[in-house]
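Participant: heads up, no residue letters with this:
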């Protein structure tokens, strides 16, 4: 069997090829260095003709150095467990190793949410955008006459898979939502405003004009406005609705603490209280309006007495 180096083993772990050994890929990556060091020492011992803890026949092992498999397993089990990767971390690792997302797509967790303020998933573009039709306004080189489409106004969401700058033509993003891809042109004026926030793996919501790409196939878009996901939440959300159950306790204090870092936004906060005898809807004052984000939703949902916290669009 040929040798494999650390980079190869890291790639196998990221791709999920080692999941049968341990499906906690973060833990495998964390312990890989120790495992390789131990394997290297065993090889050195064998090369030097020394006894290996596990390689010796029972009659050749000294009592002082005898280590059983059960003892080794106990030592391993006593090690503190590593937190697993988040779904997004796992998907990014898969793409690093394989060039593609294998176990899902980064948009899966927010797909239902972005449906509330986007025009269509990318797989639905063809149904909304017709191919260019003959028109008396322009003539092609073959003598036919074709009109210039300016595209259809849309809002799309996806993750940035690639970025490039084309000399004299501006900046271009490849946007992917798991159902399709669109090339997005970002001209210099817009890029000067938001270019510092554009990056591969960023989830973006883009307003612009979409048309058929006659040269490369598929569709292309000219961006008029670009938001990250939290900006889109603040732009489109009509309110943060918090469902409160009957067990209030220190709810008021905990909720105020959770909302505090996100106050002074534009999104109203609405409390929907319900117990076995009554229900009520309470809208907090404007000074409690929030700037919505994934972190805010997680903080509020973690409070005892909160049944659910969701943005309403």
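Facilitator: Received it, and whenever you're ready, just let me know what you need. Bear in mind the structure is a predicted one, so any value in this text is a computation, not a measurement.

Participant: Around residue 279, how many other residues sit close by?
Facilitator: Counted with other Cβ atoms under 10 Å, the neighbours of residue 279 add up to 10. The way it works is simple: take the backbone N, C-alpha and C, and place the C-beta from them, glycine included.

Participant: my guess is it meets residue 272, correct?
Facilitator: Yes - using Cβ atoms under 8 Å, residue 279 is in contact with residue 272, at 7.4 Å.

Participant: Overlap in contacts, these two.
Facilitator: Both residue 279 and residue 272 lack any common contact, where contact means Cβ atoms under 8 Å, 6 or more residues apart in numbering.

Participant: Can you pull the poorly scored residue ranges out of the stretch 51-200 of the chain?
Facilitator: Along the stretch 51-200 of the chain, the model assigns pLDDT under 70 to residues 51-80, 131-149.

Participant: Kindly recompute the last result at 90.
Facilitator: Residues of the stretch 51-200 of the chain that meet the criterion pLDDT under 90 lie in 51-106, 109, 129-151, 165-170, 196-197.

Participant: Could you list the domains of the chain?
Facilitator: Domain ranges of the chain: 6-98, 108-131+151-232, 237-312, per automatic domain parsing.

Participant: can you pull up the bridge partners for residue 162?
Facilitator: residue 174 (DSSP bridges).

Participant: from memory it sits against residue 171, does it?
Facilitator: No - counting by Cβ under 8 Å, residue 162 stays clear of residue 171, with 11.3 Å between them.

Participant: need the contact list for residue 9.
Facilitator: Listed by Cβ under 8 Å, 6+ apart, the contact set of residue 9 reads 32, 36.

Participant: Tell me the helix or strand right after the one helix or strand it maps to.
Facilitator: Counting by DSSP states H and E, the element that carries residue 9 is helix 6-15. Going down the chain from helix 6-15, the next helix or strand is helix 25-47, by DSSP H and E.

Participant: Next, the angle from that following helix to helix 6-15.
Facilitator: Note on geometry: by axes from the mean of the first three to the mean of the last three Cα atoms, to 10 degrees, helix 25-47 and helix 6-15 are set 150 degrees apart in direction.

Participant: counting contacts, what elements does helix 25-47 pack onto?
Facilitator: helix 6-15, helix 87-98 (3 or more Cβ pairs under 8 Å, 6 or more residues apart in numbering; DSSP states H and E).

Participant: What are the boundaries of the strands in the protein?
Facilitator: Secondary structure of the chain by DSSP state E: the strands cover 134-139, 145-146, 152-166, 170-176, 181-186, 203-212, 219-228, 239-244, 263-267, 269-274, 279-283, 290, 306-312.

Participant: my guess is residue 179 meets residue 126, correct?
Facilitator: No - judged on Cβ under 8 Å, residue 179 makes no contact with residue 126 at a distance of 11.5 Å.

Participant: of residue 162 and residue 171, who's got more company?
Facilitator: Neighbours around residue 162 and residue 171, counted as other Cβ under 10 Å, are more numerous at residue 171. The numbers are 18 against 12.

Participant: Can you report how many residues lie near residue 199?
Facilitator: By other Cβ under 10 Å, 12 other residues sit near residue 199.

Participant: Buried residues in stretch 109-125, which are they?
Facilitator: Residues of stretch 109-125 classed as buried: 110, 111, 113, 114, 118, 119, 120, 121, 122, 125 (neighbour count, 16 or more other Cβ atoms under 10 Å).

Participant: Kindly report the same for stretch 213-232.
Facilitator: For stretch 213-232, the buried set under the neighbour-count rule, 16+ other Cβ under 10 Å, comprises 219, 220, 221, 222, 223, 226, 227, 228, 229, 230, 231, 232.
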